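Peer 1: below are the sequence and a predicted model for it; my questions follow.
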Amino acid sequence: MKKAVVITCLALVACTSFAQQKNTPATLTALTDSIHALVQRQPIPGLMVGITTRDSVLFSGGFGYADVEAKRPVTGQTLFRMGSITKLFVSLGILKLVEAGKLSLQDELKKVAPEVPFRNPWEATHPVRIVHLLEHTAGFDDMKLNRMCSQDTIAYAGKEAMLLQQPSLVSRWAPGERMAYSNPGYVVLGYIIEKITGSSYDEFIIAQVLEPLRMRASNFNLRSKFPDKDVKEYVVHGGKVNKVPSVTCLMGPAGALWSCPDDMVKFVQFFLKNGDSLFTVNSIREMETMHSSLAANAGLTSGYGLGNTNLFIYQKYPWRGHGGWMGTCFSTCAYNQELGVGFVCSSNGNQSNRAIERLIMDYFEQQYPGKKTDTVAMDLKAITPYIGQYQFESPRNEIASFNDRLLGTPRVYLENNSLYVKFFPAGMVKLVQTAPFIFTKEGANSATVIFTTNEAGRRVMVMDGAYFEQASFGRVAVTRWLAIVAVLLAVIAVVAGLVSLVAYVAGKVKLRQLPVRVLPMVAVALLAWAVVSLLQVQTESYLLSELQHVSGRSVVVFAGTLLFGIFSLLHLVLVIRRFGKMGNRWLYAYWLITALSLCYISFVLFRHGWIGLRTWAM
């Protein structure tokens, strides 16, 4: 207790007698000045920031504009989209029902709400429970691309909102084994709150959490409803700020919260005060604890708990809370119990706020040496069976699982009696043992790695929540090199196609020879067009609304992927038909291998639903 008071006081006066980290602001004024400079440099259209200790708000306000055109500044009452930070509130809603004896974390979903149309092949032995929904361990796929946001004003709520997510409610592995972030689980939790209480999830949470904390400006609107309070949303390209439409959130309980710094600092203090008498200390500790995953049952304590996760593992001290992203708003709510401090920030542009978040944390941590992680000597004999190749097996989005599995192939090895994990295509991390089979990454503030076995007896490594199974080096290597060669030949085919077109114009290539030479280039270009259209959605999530219906973007994705598959097959047919007609056998062999490579890529994409991908019908 005395230590916490001392830390708080030191933070408040920003004591300068300690050694300062390079470029870390020494005073609160210097900190806000540095944040303002970062906002202007990026540029970020508007940023809200709240910084607090357990008992005192150090800063609550904003930088830049909530509405650039109207020059409306960000203030302590400006409402930003908090995105997945909403999950902290939904979790508290569930825990309020648990405290009241109306629900248990171990209750089975099929018994609490048998009308929820989920499918779990392991239900007889591993039923989906409430805790699995809270901790993303039910095995559900994440939201389909067309069921996240919309330009429509339809307000999906309750059972209707839950049924909208039905395509994702399928367990891909035994519930409780692996963690894979899944928004639909929280939509189901929102429905459960409604079913038990008779009130909508947002009405219940407002009454049980927001009102007692005097968070009276916050709301759970699915779209912007307060033009004078809500931020406008923007994307920044090449330094130019462009306004974009605000979308309707189709996943209310998973990401609908709007809030402001004046409200959110109260919420941060709520955690720093261990529930602030509104919830028991035990409930807050339960939120911060993993319960249901294989890693948790094997002894790992850090990770995603009940809507509350560890953040920033390479800071001096561990921070907890949640991040969020909705429309173009990037948000973070984080706190540290040991230092007794926390912060919230959100921007209304498409840039990450990581530099600003790090600046705030460094400001608080600079006077202290850092949290020392206890280590133990590594038991080489015990860890030796876990040496080898691993394969990632907990994809968040099943549609992108082939890419996740291709890149998620780390190798665990010993070197000079130290344990390392080598990632493909680059990246290596040293592991330091903190307990039997539990490790921390060198330089991290908490243990986030564990080696164990699953029920099938397969050796498993869980790192930062990601689940890897030990795999055959040969199988991984063959799959990897097939993909590398196929992609390399596809790129070369583009160059060869361009060269062939130039040669045709110069009269060195005949017209009948062009299809074999140019068709691969056209196929790859169409696929690239489709992929780039989807990748843009990853940095500008408001564009997801264009995937809900037949639109220019969704048609590009559909036509690009479909024509890639058709043209790849057609090219193979053309190459086979020209057998013996090409004078140069080496040239024929090249085109045959290229055709087979494109067909291999098409086969992989087809298996994962990419060929003719109709985003509006997912």
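Peer 2: Arrived safely, thanks for sending.

Peer 1: tell me which stretches of the stretch 301-450 of the chain form helices.
Peer 2: 354-365, 380-383, 401-407 (DSSP state H, counting those that start in this stretch).

Peer 1: where in this structure is pLDDT low?
Peer 2: Where the chain drops to pLDDT under 70, the residues are 1-22, 580-583.

Peer 1: report the longest strand in this structure, please.
Peer 2: strand 57-67 (DSSP state E).

Peer 1: name the helices or strands packed onto that one?
Peer 2: Strand 57-67 is packed against helix 28-41, strand 46-53, strand 72-73, helix 261-272, with contacts defined by 3 or more Cβ pairs under 8 Å, 6 or more residues apart in numbering; DSSP states H and E. C-beta here means a position set from N, CA and C on the backbone, and glycine is covered the same way.

Peer 1: how does it look with 6 Å?
Peer 2: Judged by 3 or more Cβ pairs under 6 Å, 6 or more residues apart in numbering; DSSP states H and E, strand 57-67 is in contact with helix 28-41, strand 46-53, helix 261-272.

Peer 1: now render the ones you listed as JSON lines, adding mean neighbour count.
Peer 2: Rendered in JSON lines, the data for the helices and strands packed on strand 57-67 read as follows (neighbours: other Cβ atoms under 10 Å):
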{"stretch": "helix 28-41", "mean neighbour count": "16"}
{"stretch": "strand 46-53", "mean neighbour count": "27"}
{"stretch": "helix 261-272", "mean neighbour count": "24"}
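
Peer 1: turn those into CSV, columns for distance to Tyr467.
Peer 2: Output for the helices and strands packed on strand 57-67, formatted as CSV (distance: least, Cβ to Cβ, whole Å):
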stretch, distance to Tyr467
helix 28-41, 36
strand 46-53, 35
helix 261-272, 28
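
Peer 1: closest to Asn353 out of the ones you listed?
Peer 2: strand 46-53 (7.2 Å; Cβ to Cβ).

Peer 1: which strands or helices does that closest one pack on?
Peer 2: strand 57-67, helix 261-272, strand 341-347.

Peer 1: related to what we said a few turns ago, of all the helices and strands packed on strand 57-67, which one comes closest to Glu365?
Peer 2: Comparing those by Cβ to Cβ, helix 28-41 comes nearest, at 12.5 Å.

Peer 1: what angle do the closest one and helix 354-365 make?
Peer 2: Following axes from the mean of the first three to the mean of the last three Cα atoms, to 10 degrees, one obtains 170 degrees for the angle between helix 28-41 and helix 354-365.

Peer 1: show me what secondary structure element comes after the lengthiest helix in the chain.
Peer 2: Using DSSP state H to define each element, the chain has its longest helix at helix 473-505. Next along the chain after helix 473-505, taking DSSP states H and E as the criterion, comes helix 514-539.

Peer 1: residue closest to the middle of the protein?
Peer 2: For the chain, the residue sitting closest to the mean C-alpha position, by Cα atoms, centre = their mean, is Tyr181 at 7.1 Å.

Peer 1: what strand or helix carries that residue?
Peer 2: Counting by DSSP H and E, no helix or strand carries Tyr181.

Peer 1: also the one 5 residues further on?
Peer 2: Counting by DSSP H and E, the element that carries Tyr186 is helix 184-197.

Peer 1: after that helix comes which helix or strand?
Peer 2: helix 201-205.

Peer 1: off-centre distance for that next one?
Peer 2: 25 Å (Cα atoms, centre = their mean, to the nearest Å).

Peer 1: repeat for stretch 377-389
Peer 2: For stretch 377-389, the distance to the chain centre is 31 Å (Cα atoms, centre = their mean).

Peer 1: and for Arg129, the neighbour number?
Peer 2: 24 (other Cβ atoms under 10 Å).

Peer 1: tabulate the helices and strands packed on strand 46-53 (TSV), appending distance to Asn242.
Peer 2: Output for the helices and strands packed on strand 46-53, formatted as TSV (distance: least, Cβ to Cβ, whole Å):
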stretch	distance to Asn242
strand 57-67	14
helix 261-272	25
strand 341-347	15
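
Peer 1: closest one to Glu203 among those?
Peer 2: helix 261-272 (17.3 Å).

Peer 1: who are the packing partners of the closest one?
Peer 2: strand 46-53, strand 57-67, strand 329-336, strand 341-347.

Peer 1: swap in 10 Å and give it another go.
Peer 2: strand 46-53, strand 57-67, helix 86-99, helix 281-287, strand 319-326, strand 329-336, strand 341-347 (3 or more Cβ pairs under 10 Å, 6 or more residues apart in numbering; DSSP states H and E).

Peer 1: show me how far the helix or strand just after the third one is from its chain's centre.
Peer 2: Elements were assigned by DSSP H and E; along the chain past helix 86-99, the next helix or strand is helix 109-112. On the basis of Cα atoms, centre = their mean, the separation between the geometric centre of helix 109-112 and that of its chain is 28 Å.

Peer 1: against Asn183, how distant is Leu306?
Peer 2: 16 Å (Cβ to Cβ, to the nearest Å).

Peer 1: between those two, which one's more packed in?
Peer 2: Leu306 (28 against 24).

Peer 1: which residues are in contact with that one?
Peer 2: For Leu306, the contacting residues are 87-88, 90-92, 94-95, 98, 105, 130-131, 133-135, 283-284, 286-292, by Cβ atoms under 10 Å, 6 or more residues apart in numbering.

Peer 1: quick one: buried ones out of those?
Peer 2: Buried residues within those, counting neighbours by 16 or more other Cβ atoms under 10 Å: 87-88, 90-92, 94-95, 98, 105, 130-131, 133-135, 283-284, 286-288, 290-292.

Peer 1: need the contact list for Arg320.
Peer 2: Contacts of Arg320 (Cβ under 10 Å, 6+ apart): 271, 287-288, 302, 305, 308-312, 333-337, 342.

Peer 1: most neighbours among those, which one is it?
Peer 2: Gly342 leads the contacts of Arg320 on contacts (other Cβ under 10 Å) with 29 neighbours.

Peer 1: would you mind measuring from the nearest residue to it once chain neighbours are set aside to Gln269?
Peer 2: Among residues not flanking Gly342 along the chain, Tyr335 sits closest, at 3.1 Å (Cβ to Cβ, 6 or more residues apart in numbering). Applying Cβ to Cβ, the value for Tyr335 to Gln269 is 9 Å.

Peer 1: shared neighbours of these two, which are they?
Peer 2: With Cβ under 10 Å, 6+ apart, Tyr335 and Gln269 have common neighbours 52, 54, 342.
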